[in-house]
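> need a 3D model of the following:
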Amino acid sequence: AGRRLEAEWDRCRWIWNECVAKSKQVHVQGKAGGEKLTCGPAQLDKMLTEVRRVTPWLAEGASVPQQQVIRDFATSRAKALKDIKDRLPAHRR
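Numbers count the residues shown, from 1 in each chain. This is a model prediction of the structure:
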């Protein structure tokens, strides 16, 4: 049971890291092109669906916790962007 839980955690952590990478990539592309691109939960859900389709070890895990990781990431990112926009000092974020 411990190994399965650890494997599930590894998959969720990998998804979080992919969300971070995708978000950074979209930000850089938008900045380079002078346009405002978004990377919200809908785009990340689409990414998850595609990755689960071609990545067997990811598809072995439950989709619900993986989708929750995306929702949590989106909430976290929105709060971080709001704090930056509001010029909240880094030590209070």
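> quick check on residue 89: phi, psi?
Recorded main-chain torsions at residue 89 are phi -60, psi 140, according to degrees, to the nearest 10.
> how many other residues sit next to it?
For residue 89, the count of nearby residues is 7 (other C-beta atoms under 10 Å). From N, CA and C alone the C-beta is placed, and that goes for glycine too.
> same check, this time on residue 61
Close neighbours of residue 61, defined as other C-beta under 10 Å, add up to 19.
> what's near enough to touch the spatially closest residue to it that is not a sequence neighbour?
In this structure, residue 61 finds its nearest non-sequential neighbour in residue 11, 4.2 Å apart by C-beta to C-beta, 6 or more residues apart in numbering. Shown in contact with residue 11 (C-beta atoms under 8 Å, 6 or more residues apart in numbering): 57-58, 60-61, 66.
> most neighbours, which of those?
That'd be residue 66 among the contacts of residue 11, by other C-beta under 10 Å, with 21 neighbours.
> sec struct for that one, please.
State at residue 66, reduced to three classes by DSSP: H, G, I helix; E, B strand; the rest coil: helix.
> you'd agree it is up against residue 15?
Yes: between residue 66 and residue 15 there is a contact under C-beta atoms under 8 Å: 5.3 Å.
> residue boundaries of the helices in the protein?
Here the chain has its helices, by DSSP state H, at 2-33, 41-54, 56-59, 63-85.
> so what touches the second one?
With contacts defined as C-beta under 8 Å, 6+ apart, helix 41-54 is touched by 15, 18-19, 22, 26, 58-59, 63, 66-67, 70-71, 73-74.
> kind regards, and thank you for your time.
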